[in-house]
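Asks: need a 3D model of the following:
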Amino acid sequence: MHLAVARRLPRLLPLAIAVALLGAGLVLAAGDPAAAQAAPSKVTIKGTAENKWDPADATVKPGGTVIFEVAGGATHPVVSGDGSNPAGDGRFDDAGCGLAQMTKVGDSCEVKFPKAGTFPYFCQVHVSLGMKGVVTVGASAGGATTTTAAAAAGGSVVEPPSAAAPPSSGRPAIYWAGWGLFALGALLALGLIALYVRFWPGFTRPKS
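Replies: Have a look, this model is predicted:
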């Protein structure tokens, strides 16, 4: 009886290992939510025919690049600042995004943001129409929304301290399902090995 049981146990071991490997695969596939939500290294902001930036607020990682593009209408020169000073605040290099470079549809310029922070910008021609936005570098998008609201109200923009993004609200269900399968497979494998040792006549236990 015991020998028959022991002979069946090795056939079940590959199944237990397969369950554990499947669980591990699901955990790896789910990945790290923080990494998934990391800021990109390059984004494109388009000036539209409606005299709006699309998107108005964008997030890049430190050292990332923002491409400003005239997608509709005409003449969307980019200036660093919240629009309260027509000359800008000079917080990022907007020299390549002036009138000469951003006149017609298809024109574009690139701005690199080496340091973390929030950087408001506006269209020099259409700022009175509210054509403003904020580039957030190395921080959560929530900070950009607050800064944009302050700029739209005509107030001064206070740069929040550079900090890591807030912790993720939670992991996807597939992540926990993967860990559950991995634990189940591992426990089954250990149980089968223990039963095999218990019932196989070739293994002897020391007598007390």
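
Asks: low-scoring stretches of the protein, by residue?
Replies: Under the criterion pLDDT under 70, the flagged ranges of the chain are 1-10, 30-37, 139-171, 199-208.

Asks: recalculate using a threshold of 50.
Replies: 1, 35-36, 140-169 (pLDDT under 50).

Asks: and the helices in it?
Replies: Under the criterion DSSP state H, helices of the chain are mapped to 2-30, 33-36, 141-152, 173-199.

Asks: any idea how far residue 127 is from residue 76?
Replies: According to Cβ to Cβ, to the nearest Å, residue 127 and residue 76 sit 11 Å apart. Using the backbone N, CA and C atoms, a C-beta is placed for each residue, glycine as well.

Asks: among these two, which residue is more densely surrounded?
Replies: Between residue 127 and residue 76, counted using other Cβ atoms under 10 Å, the more crowded position is residue 76 (30 against 18).

Asks: next, count neighbours for the nearest residue in space to residue 138 that is not next to it in sequence.
Replies: Of all residues not flanking residue 138 in the chain, residue 116 sits nearest, at 3.4 Å (Cβ to Cβ, 6 or more residues apart in numbering). Other residues lying near residue 116 total 19 when counted by other Cβ under 10 Å.

Asks: check residue 121 too.
Replies: 31.

Asks: shouldn't it be in contact with residue 135?
Replies: Yes. Using Cβ atoms under 8 Å, residue 121 is in contact with residue 135, at 6.5 Å.

Asks: ok so, going back, against residue 57, how distant is the residue nearest to residue 138?
Replies: 16 Å.

Asks: what does residue 180 give?
Replies: Taken as Cβ to Cβ, the span from residue 180 to residue 57 is 39 Å.

Asks: what about these two, which has more around it?
Replies: Neighbour count, other Cβ under 10 Å: between residue 180 and residue 57, residue 57 has more, with 19 against 14.

Asks: give me the beta-bridge partners of the more buried one?
Replies: residue 134 (DSSP bridges).

Asks: thought it was touching residue 121?
Replies: No. Judged on Cβ under 8 Å, residue 57 makes no contact with residue 121 at a distance of 10.3 Å.

Asks: which residues are in contact with each of these two?
Replies: Common neighbours of residue 57 and residue 121, counting by Cβ atoms under 8 Å, 6 or more residues apart in numbering, are 133-135.

Asks: as TSV, the residues you listed with distance to residue 80 and neighbour count would be great.
Replies: TSV is the format used below for the shared contacts of residue 57 and residue 121 (distance: Cβ to Cβ, whole Å; neighbours: other Cβ atoms under 10 Å):
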residue	distance to residue 80	neighbour count
133	11	25
134	11	26
135	9	26
